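Here is my input, please return the structure:
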Amino acid sequence: MMAATHVLAGMAAWSGVAWLDGGLARPDALAIAALGSLLPDIDHPKSWMGRRVRPVSLLISKIFGHRGITHSLLAVGGCLFALLIIGKGAFAPAVLVGYLSHLLCDSLTKSGVPLLWPWRRPFGLRLLRTGGKVESFLAVLMAVATGLPWAAYLYPRLLH
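Numbering: from 1, shown residues only. Take a look at the predicted model:
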């Protein structure tokens, strides 16, 4: 999927987690979830994340290729471990929700994702093409899902 769709997916997923927890997603946590949703594509030098950390992206791409280790459950565990080690545990849930939203979205594409890497068998529903009309429709739905809790919260207050 495209970077914008991943960002919307990460924000929608985090917004849903916050709503299930009985509140609204804080803007800083939404931003962290959005960033987390872009992390798996660090393995592609031309991706949004890859262009920002090009030397790291080139190395990962050369060793593992695109949709390799960074699109696996092993990477999710490594990400969690790294977040806890560097002391950013407070934002670890938002990063992980964003990261997982990326894997879920990519599992909807024709390529799937190698969740059990190094076993390269792709998993997923493989329903859509990256950048296609279905992806655009899903992006709109995720934007609405992200804003809905805020709209519900603000609407009664705007009327008074």
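
Residues in contact with stretch 114-132: which ones?
For stretch 114-132, contacts defined as C-beta atoms under 8 Å, 6 or more residues apart in numbering pick out 1-2, 67-69, 71-75, 103, 106-113, 134-135, 138. Backbone N, C-alpha and C define where each C-beta goes, glycine included.

Just the buried subset of these, please.
Neighbour counting with 16 or more other C-beta atoms under 10 Å marks 1-2, 67-69, 71-72, 75, 103, 106-109, 111-113, 135, 138 as buried within those.

Sitting in helices, which of these do you find?
Of the positions in these, 75, 103, 106, 107, 135, 138 sit in helices, assigned by DSSP state H.

just curious, which of those is nearest to residue 149?
In terms of C-beta to C-beta, no member of these lies closer to residue 149 than residue 138, at 18.6 Å.

buried residues in stretch 4-19?
Using 16+ other C-beta under 10 Å as the test for burial, stretch 4-19 gives 5-18.

residues contacting residue 15?
If you count contacts by C-beta under 8 Å, 6+ apart, residue 15 has them with 24, 25, 30, 145, 146, 148, 149.

any idea how far the third one is from residue 102?
Residue 30 is 15 Å from residue 102, where distance means C-beta to C-beta, to the nearest Å.

the more surrounded of those two?
The residue with more neighbours, out of residue 30 and residue 102, is residue 102; 28 against 22, by other C-beta atoms under 10 Å.

List the buried residues of the helix or strand hosting residue 153.
Taking DSSP states H and E as the criterion, residue 153 maps to helix 133-159. Neighbour-count burial for helix 133-159 flags 135, 138, 139, 142, 143, 145, 146, 149 (criterion: 16+ other C-beta under 10 Å).

how about low-confidence regions in this protein?
Applying pLDDT under 70 to the chain flags residues 88, 157-160.

What values do phi and psi take at the residue most central in space within the chain?
Compute the mean C-alpha point of the chain, and by C-alpha atoms, centre = their mean the closest residue is residue 37, 2.3 Å away. For residue 37, the backbone dihedrals are phi -70, psi -20 (criterion: degrees, to the nearest 10).

That one reaches residue 5, doesn't it?
No: taking C-beta atoms under 8 Å as the definition, residue 37 is not a contact partner of residue 5, at 9.1 Å.

what's near enough to touch residue 109?
1, 124, 126, 127, 128, 129, 130.

so what's it bridging to?
Beta-bridge pairing for residue 109 (DSSP bridges): residue 128.

I'm done for today, thanks for sticking with me.
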